[in-house]
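Visitor: pasting the structure only:
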């Protein structure tokens, strides 16, 4: 008996059942067997229906139910009925309605149709609320509809037959329009005319069709207009017929990640085709960062995670240790401040590492660590001196390049004469872009990335390293990311 009591006292208590999507992801990363999916669903359904719980707690549980997905008709029925209760808080009702409208269960439409919400008015004989299973076509509420229709469909009407090419024409125009723009209802209406489907169903089906299609732009349209949790569920429901959908489902399963832009979708598909075998290892490291540091995965970090996950001597280094090491290096090094007084320079609050350390991601910290190691190697400093001498003799900018993580260290590779397309394609599986400004011996007023580079990084979802000569013997290094953060790494000596 004493032995049994001792055993119970020493046993590790299971973690609390998750009640938000973030807590669920942490459980998946730390101890995925702590609670079954069924237990999580039942526990959080009870919390959603508990009128004595604070509204934010009930909303968090509803968001988790939407995150994990529900197929049990009895639970769907309970949630549907709860939306009709007069004491249901509006914030909770909106979450429930958004979820139910995205589900394909016969029981959901009846209850959702009667929800007294600004988005879903009470139906009347004159204004019935359409069922989500058979949604009413989006009405063209602007004068743009005839103009857009004429632009997409030929005057004879023969173009009204749905073809991937015709839908692609529409998507090319639509993707660059604001969600709240005056033409939005017209774009949705035409998509429905072309396909006889609701507009979001039409775009998902086209992404999953083997025919040639503007999948990247269609993804941007969906990501900007659908709640992320609903888009994830819709993608997971599909039977994959294209590499794009197979790649999306794989990244959702491993990273709970869905791309937001055409550049991100292209990277997801490219990495899915070439790095599928190592995805699990990268996902484990990513999930550990999520659990320990609140990290949010993005596709530009896959290269680092993929390589670092197979480097056991390094990947256990903590965030605190990384920040401490980098602070000790950067704080004692001389810096040339970034200036927005010259042409094409961004206005920033700071370029100091110590001020920004806490808001930089684990990926940013690791890249700064690896890049500093690279720039401190004598061989690299000699190569940069040779490059600078050549650039100055020609008064020409240096060739662009990429930095890769190879054999435990960062290495730069130049792309002389390469097309920008090649740089973009290879850059999808790299640490960061690489550029130099060595044409003059003193470029101290133009250190760091330009506004053009920052804008391109945001659109292309990548990070970059810029090296600028500040005198004949010295260059300074700046790191920047897709969020527009700029970090001065300080001055380094050219090696003779």
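Guide: Perfect, I can see it now. Please read all numbers here as calculations on a predicted model, not as lab measurements. Numbering: from 1, shown residues only.
Visitor: from here on, just use CA atoms for contacts and neighbour counts.
Guide: Fine.
Visitor: state the helix or strand in which residue 468 lies.
Guide: Per DSSP states H and E, residue 468 falls inside strand 464-471.
Visitor: the helices in the stretch 201-350 of the chain, which residues?
Guide: According to DSSP state H, counting those that start in this stretch, the stretch 201-350 of the chain carries its helices in the segments 215-225, 228-237, 243-255, 262-275, 279-293, 302-308, 319-332.
Visitor: what do you get for the stretch 51-200 of the chain?
Guide: Taking DSSP H, counting those that start in this stretch as the test, the helices found in the stretch 51-200 of the chain are 55-68, 73-82, 90-102, 107-113, 144-152, 164-174, 184-195, 199-207.
Visitor: which one of the ones you listed lies closest to residue 383?
Guide: Distance to residue 383, taken as Cα to Cα, is lowest for helix 164-174 among the helices of the stretch 51-200 of the chain, at 44.0 Å.
Visitor: before we move on, back to that, could the helices of the stretch 201-350 of the chain go into CSV alongside mean pLDDT, distance to residue 472 and mean neighbour count?
Guide: Listed next are these as CSV, based on pLDDT from 0 to 100; distance: least, Cα to Cα, whole Å; neighbours: other Cα atoms under 10 Å:
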stretch, mean pLDDT, distance to residue 472, mean neighbour count
helix 215-225, 95, 45, 21
helix 228-237, 93, 51, 18
helix 243-255, 95, 46, 20
helix 262-275, 92, 38, 19
helix 279-293, 94, 42, 19
helix 302-308, 95, 33, 22
helix 319-332, 95, 22, 14
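Visitor: how about the ones you listed in CSV, adding distance to residue 21?
Guide: Output for the helices of the stretch 201-350 of the chain, formatted as CSV (distance: least, Cα to Cα, whole Å):
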stretch, distance to residue 21
helix 215-225, 19
helix 228-237, 10
helix 243-255, 13
helix 262-275, 23
helix 279-293, 12
helix 302-308, 22
helix 319-332, 23
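Visitor: out of those, flag the one nearest residue 93.
Guide: The nearest among those, by Cα to Cα, is helix 228-237 at 16.0 Å.
Visitor: any regions of the stretch 1-150 of the chain where pLDDT drops low?
Guide: 1-15, 101-150 (pLDDT under 70).
Visitor: coming back round to it: so which of the helices of the stretch 51-200 of the chain is nearest residue 216?
Guide: Proximity to residue 216, assessed across the helices of the stretch 51-200 of the chain by Cα to Cα, is greatest for helix 199-207 (8.5 Å).
Visitor: if we go by neighbour counts, what in the closest one is buried?
Guide: Of the residues in helix 199-207, 199-200, 202-207 count as buried by neighbour count, 16 or more other Cα atoms under 10 Å.
Visitor: looking at these, which is nearest residue 32?
Guide: Among those, and counting by Cα to Cα, the member closest to residue 32 is residue 204, at 30.4 Å.
Visitor: against residue 48, how distant is that closest one?
Guide: Residue 204 is 30 Å from residue 48, where distance means Cα to Cα, to the nearest Å.
Visitor: so what touches stretch 400-409?
Guide: Residues outside stretch 400-409 that contact it (Cα atoms under 8 Å, 6 or more residues apart in numbering): 303-304, 307-308, 311, 370, 373-374, 410-416, 423, 427, 430-436.
Visitor: for it, what is the distance to the chain centroid?
Guide: 23 Å (Cα atoms, centre = their mean, to the nearest Å).
Visitor: average pLDDT for that stretch?
Guide: Average pLDDT, stretch 400-409: 92.
Visitor: flag every buried residue along it.
Guide: For stretch 400-409, by 16+ other Cα under 10 Å, it's 400-405.
Visitor: stretch 180-199 now?
Guide: In terms of neighbour count (16+ other Cα under 10 Å), stretch 180-199 has its buried residues at 183-195, 197-199.
Visitor: so how far is it off the chain centroid?
Guide: 26 Å.
Visitor: got the phi and psi for the residue nearest the centre of the chain?
Guide: Geometric centre of the chain, nearest residue: residue 298, 4.6 Å, by Cα atoms, centre = their mean. Main-chain dihedrals, residue 298, degrees, to the nearest 10: phi -140, psi 150.
Visitor: leaving out chain neighbours, which residue sits closest to residue 387?
Guide: Spatially, and ignoring its direct neighbours in sequence, residue 387 is nearest to residue 398 (7.5 Å; Cα to Cα, 6 or more residues apart in numbering).
Visitor: what distance do you get for that neighbour to residue 228?
Guide: Residue 398 is 41 Å from residue 228, by Cα to Cα.
Visitor: equivalent analysis for residue 487, please.
Guide: Per Cα to Cα, residue 487 is found 31 Å from residue 228.
Visitor: residue 260 contacts residue 223, doesn't it?
Guide: Yes. Using Cα atoms under 8 Å, residue 260 is in contact with residue 223, at 5.4 Å.
Visitor: what angle sits between the strand or helix carrying residue 364 and helix 319-332?
Guide: Using DSSP H and E, residue 364 falls within helix 362-375. Counting by axes from the mean of the first three to the mean of the last three Cα atoms, to 10 degrees, helix 362-375 lies at 50 degrees to helix 319-332.
Visitor: what residues sit buried inside the lengthiest helix in the chain?
Guide: In the chain, with assignment by DSSP state H, the single longest helix is helix 378-394. By neighbour count on 16+ other Cα under 10 Å, the buried set for helix 378-394 is 380-381, 384-385, 387-392.
Visitor: what's the spacing between that helix and its chain's center?
Guide: On Cα atoms, centre = their mean, the centre of helix 378-394 falls 37 Å from the chain's centre.
Visitor: moving C-terminal of it, what's the next helix or strand?
Guide: Next along from helix 378-394, by DSSP H and E: strand 401-406.
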